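Engineer: generate coordinates for the sequence data below:
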Amino acid sequence: MDHYKTLGLGRNATKGEIKEAFRRSALKFHPDKHSQSSKEVREGASRMFKQASEAYEVLIDDRKRADYDRAWRGGFSDRWSRGASSSSSSSYSNSSQYHEGRQYSYRRPPARDGVFGLDLESVFRLLTRRSFLVNMAFASVLLGAAVVVERSSETMWKMNNSGKSFEEAIESIEQKKANKEKS
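Structural biologist: Modelled structure (predicted):
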C-alpha cells in the first residue's frame, strides 16, 4: 500500500495536507459511520480506516516518513520486509503495510554496536549537523588564534633576546629593574 495514494496525496505533501487528508478519510471510513451497513461494507470501511490510520501514523512523523520514503524508493528493502512479524518492541513495529496485494510490516533494524554503541551512520549524522559544524569552525578559529599568539610571542622573544639563553635574559631583566629602582 502506498501511504500517499491511500490518503490521496503527492509525495511532497506538507504536514497540514496530511492531517487534512487523514481527517477526510477518517470521516469517510470511520467504523461508527458504517455500523448499520452490510458486513462486507463494514469490513471494507474498517480496512480503509485502518490503512488511513497507518498511513497517517507514518507520514506525520518525520523520521518514519523518511524511512518509509527511503524504503519505497529501494523496493521495500531493509526496514520494510514482506510478511515480517510485528511483535518487535520497537515503536514502529505495529504498522502493517500493503503493496500490490501483499502485506508488509515495518520493523526497525537491530541497533549496531560500533564505537561507544554508535554506528557509522549515526556518527556521520552527528558530524554533519549544522550546530556541530559551526562549533567546530569556532573551535578551529580559536585554536588558530592560539597558535598565532604562541608563535608571535616566540618570535618576539627571539627578536628581543637574540643569542641569549633564558637565564641570561632573566638576568638582563633583573638588571633593568634594578637600574630603574636606583633612578
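
Engineer: give me the pLDDT for the most centrally placed residue in the chain.
Structural biologist: A centroid search over the chain (Cα atoms, centre = their mean) returns residue 125, at 6.2 Å, as the residue closest to the centre. Listed pLDDT for residue 125 reads 78.

Engineer: show the contacting residues for it.
Structural biologist: Neighbour list for residue 125: empty [criterion: Cβ atoms under 8 Å, 6 or more residues apart in numbering]. Where C-beta positions appear, they are placed from N, C-alpha and C, glycine not excepted.

Engineer: could you export the strand or helix carrying it as PDB, CA atoms only?
Structural biologist: Element membership of residue 125, judged by DSSP states H and E, is helix 120-127. Only the C-alpha atoms of helix 120-127 are listed here, as PDB (Å, rounded to 0.1, in the frame of the first residue of the first chain):
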ATOM      1  CA  LEU A 120      28.800   4.800  11.300                       C
ATOM      2  CA  GLU A 121      25.500   6.300  10.000                       C
ATOM      3  CA  SER A 122      24.800   7.900  13.400                       C
ATOM      4  CA  VAL A 123      28.300   9.300  13.700                       C
ATOM      5  CA  PHE A 124      28.000  10.700  10.200                       C
ATOM      6  CA  ARG A 125      24.700  12.400  11.000                       C
ATOM      7  CA  LEU A 126      26.200  13.900  14.100                       C
ATOM      8  CA  LEU A 127      29.300  15.200  12.300                       C
END
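
Engineer: what is the neighbour count of residue 136?
Structural biologist: Here the number of neighbours of residue 136 (other Cβ atoms under 10 Å) works out to 11.

Engineer: ok, now the one 4 residues further on?
Structural biologist: Residue 140 is flanked by 10 other residues according to other Cβ under 10 Å.

Engineer: likewise residue 121?
Structural biologist: By other Cβ under 10 Å, 10 other residues sit near residue 121.

Engineer: so how far is residue 63 from it?
Structural biologist: Distance from residue 121 to residue 63, counting by Cβ to Cβ, to the nearest Å: 13 Å.

Engineer: quick check: residue 41 touching residue 34?
Structural biologist: Yes - assessed by Cβ atoms under 8 Å, residue 41 is found in contact with residue 34 at 5.9 Å.

Engineer: the two: which is more packed in?
Structural biologist: A direct count of neighbours by other Cβ under 10 Å for residue 41 and residue 34 places residue 34 higher, at 18 against 11.

Engineer: that one reaches residue 45, doesn't it?
Structural biologist: Yes - between residue 34 and residue 45 there is a contact at 4.2 Å, judged by Cβ under 8 Å.

Engineer: which residues of the chain score low on pLDDT?
Structural biologist: Counting by pLDDT under 70, the chain shows low-confidence ranges at 74-118, 161-164.
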